[in-house]
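Novice: fold the stuff below for me.
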Amino acid sequence: MIPRALEAEILRLYHTEHWPIGTLATQLRVHHSTVRRVLAQAGVPSTPKSVRPSILDPYLAFIVETLAKFPTLRASRLYQMVRQRGYPGAPDHFRTIVSRLRPRPVGEAYLRLRTLPGEQAQVDWAHFGKLTIGRAVRPLMAFVMVLSYSRYVFLRFYLNAAMSNFLRGHVEAFTFFNAVPRVLLYDNLKSAVLERVGEAIRFHPTLLELAAHYHFQPRPVAVARGNEKGRVERAIRFAREAFFAARIFRDLDDLNAQALTWCQGAAAERPCPEDRARTVRELFTEEQSQLLALPDNPFPTEERLEVSVRKSPYVRFDANDYSIPHTHVHRTLLVAATLETVRILDADQVIATHPRSFNRGVQIEDPAHLEALVTYKRTARTHRAQDRLQQAAPSTKTLCVRAA
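Specialist: Numbering: from 1, shown residues only. You can find the predicted model right below:
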């Protein structure tokens, strides 16, 4: 609202001095819409704004018709089509006009999805930057599983999103819940879905083995259906903002220990988004009896990789070298690795065990392997010297045997 005296001054200058609206707004320091409102309330008819003809006017019908058939057609292609029909204008102004005429897609509304207790959990990876370990810079990935009914969250960090860590995340999440949901929903991850054509889905065979072991049903979300995986996406955003932001940790083990404490504490004590009168922990206590029981033994999650050993007694695994007995060079061996240990097997025999390193370009050695190789080399050198002496002086053969 403006003072009545200012309204009177606007009307006086308009009728007596014939000031236009722009001059009134500038000189009286009010917005031009205020001037128009005062004149309209006083019964002054509004004058229609004159529109200058445009060189694009003859082509508007063609542009509208083309965009109706091809709503995603690029403005550059449409400009070429109009130029071929005689349009003399520049492309910049043309793109502005096309952006106004282009039909807008109708926004889709989604129903709020509700699930039964124990029926479903949602799973996804999230990238949380990088972690430097010695000379290695590795991606810091968070495995997140959230129960759709209670919103109870499991969060654990790994140094990549490989299939082995994908399996570990499931096994540790089921152990954390002490139960298994009936359905696990995935966002078409490569670790879960290898190929999808329409409704035909080819799951990763290892995931199917995991599902058979724990008796859950894997299910990918429908294509372009953001509402189906909203719970895990909100859980990831919640973890970023409420847990990871400004978090200080010594190493990956310390970060995971803090994440476990947070999942069991602050994340479980928050109000449930579906029922803010109750906490997530209260709803999880209600839901737990509806979940599936754990099997007697956990699913194996060791990384297993065949490696070829050359002449040096080392096995290359995950950018590091692990020593083996020198008697096993020039063979194909099997590496079985957990997050803590690397075992090297020849057939079913374990020939070496080392602590795992996530550094890069490091040699992890067992002193016994090196000592055995040095002893073997010294013995072989002595035998070669005796052989040369016997060839040069055959009469010394008896002395060499006695010395031996």
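
Novice: ok, which stretches of the stretch 301-404 of the chain are strands?
Specialist: Assignment of strands within the stretch 301-404 of the chain using DSSP state E, counting those that start in this stretch yields the ranges 303-308, 314-317, 320-323, 332-337, 341-346, 349-355, 363-364.

Novice: what is the neighbour count of Gly16?
Specialist: Gly isn't right for residue 16; it's Thr. Counted with other CB atoms under 10 Å, the burial measure for Thr16 works out to 8 neighbours. Glycine gets a C-beta too; all of them are placed from N, C-alpha and C.

Novice: going forward, begin numbering at 39 instead of 1
Specialist: Happy to do that; since the first residue is 39 now, the last one works out to Thr54.

Novice: what pLDDT does it get?
Specialist: On pLDDT, Thr54 comes in at 90.

Novice: verify the stated contact: Tyr190 with Thr323.
Specialist: No: contact status for Tyr190 versus Thr323: not in contact, 9.6 Å apart, counting by CB atoms under 8 Å.

Novice: of these two, which one has the most company?
Specialist: Taking Tyr190 and Thr323 together and counting by other CB under 10 Å, Tyr190 has the greater number of neighbours (25 against 14).

Novice: relative to Pro155, how far out is that one?
Specialist: Remark: distance between Tyr190 and Pro155 (CB to CB, to the nearest Å) = 11 Å.

Novice: residue ranges with poor pLDDT in the stretch 89-238 of the chain?
Specialist: Flagging of the stretch 89-238 of the chain using pLDDT under 70 yields the residue ranges 89, 144-151, 236-237.

Novice: strands of that one, start to end?
Specialist: Using DSSP E, counting those that start in this stretch, the strands of the stretch 89-238 of the chain run over 158-171, 174-185, 191-196, 221-224, 231-235, 238-241.

Novice: sheet partners, orientation included, of the third one?
Specialist: In this case it means strand 191-196. For strand 191-196, sheet partners with direction are given as strand 174-185 (antiparallel), following DSSP bridges.

Novice: nearest spatial neighbour of Pro143, skipping sequence neighbours?
Specialist: Closest residue to Pro143 apart from its sequence neighbours, by CB to CB, 6 or more residues apart in numbering: Pro109 at 7.6 Å.

Novice: quick one: contacts for that neighbour?
Specialist: Contact partners of Pro109, counting by CB atoms under 8 Å, 6 or more residues apart in numbering, are Arg140, Pro141, Pro143.

Novice: between those, which sits nearest Pro177?
Specialist: Pro143 (34.7 Å; CB to CB).

Novice: sorry, back to before: need the winner for burial among the strands of the stretch 339-442 of the chain.
Specialist: When you average the neighbours per residue for each of the strands of the stretch 339-442 of the chain (mean count of other CB atoms under 10 Å), strand 358-361 leads with a mean of 22.

Novice: now do it: which elements does it pack against?
Specialist: strand 352-355, strand 387-393, strand 401-402 (3 or more CB pairs under 8 Å, 6 or more residues apart in numbering; DSSP states H and E).

Novice: could I get the ones you listed as TSV with distance to Ile93 and mean pLDDT?
Specialist: As requested, the helices and strands packed on strand 358-361 are arranged in TSV below (distance: least, CB to CB, whole Å; pLDDT from 0 to 100):
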stretch	distance to Ile93	mean pLDDT
strand 352-355	69	96
strand 387-393	76	96
strand 401-402	74	95
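
Novice: export these as JSON lines, with columns for distance to Val221.
Specialist: Formatted as JSON lines, the helices and strands packed on strand 358-361 follow (distance: least, CB to CB, whole Å):
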{"stretch": "strand 352-355", "distance to Val221": "36"}
{"stretch": "strand 387-393", "distance to Val221": "38"}
{"stretch": "strand 401-402", "distance to Val221": "42"}
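
Novice: of the ones you listed, which is nearest Pro333?
Specialist: Distances from Pro333 to each of these were compared using CB to CB; the minimum, 26.1 Å, belongs to strand 387-393.

Novice: tilt between that closest one and strand 370-375?
Specialist: 40 degrees (axes from the mean of the first three to the mean of the last three CA atoms, to 10 degrees).

Novice: contacts for strand 387-393, please.
Specialist: 353, 360-363, 366, 371, 378-383, 402, 404, 407.

Novice: max pairwise distance over those residues: which two?
Specialist: In the contacts of strand 387-393, the most distant members under the criterion CB to CB are His366 and Glu378, with 23.0 Å between them.

Novice: tell me which of these two has more neighbours.
Specialist: Each of His366 and Glu378 had its neighbours counted (other CB under 10 Å), and the higher figure belongs to His366 (17 against 8).

Novice: residues contacting the more buried one?
Specialist: Listed by CB under 8 Å, 6+ apart, the contact set of His366 reads Val347, Pro351, Asp384, Ile389.

Novice: measure His56 to Ala283 for me?
Specialist: Separation of His56 from Ala283 (CB to CB): 62 Å.

Novice: contacts only, for Glu403.
Specialist: By CB under 8 Å, 6+ apart, the neighbours of Glu403 are Tyr360, Ser361.

Novice: okay, it: pLDDT?
Specialist: In this model, Glu403 carries a pLDDT of 95.

Novice: same check on Glu409?
Specialist: With respect to pLDDT, Glu409 has a value of 92.

Novice: same check, this time on Arg319
Specialist: Arg319 is assigned 96 on the pLDDT scale.

Novice: what's the local residue count around it?
Specialist: Neighbours of Arg319 (other CB under 10 Å): 17.

Novice: re earlier: now distance to Tyr117 too, for the strands of the stretch 339-442 of the chain, in TSV please.
Specialist: Formatted as TSV, the strands of the stretch 339-442 of the chain follow (distance: least, CB to CB, whole Å):
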stretch	distance to Tyr117
strand 341-346	55
strand 352-355	56
strand 358-361	57
strand 370-375	58
strand 379-384	61
strand 387-393	64
strand 401-402	62
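
Novice: low-confidence ranges in the stretch 239-388 of the chain?
Specialist: Within the stretch 239-388 of the chain, the stretches falling below the threshold (pLDDT under 70) are 261-266.
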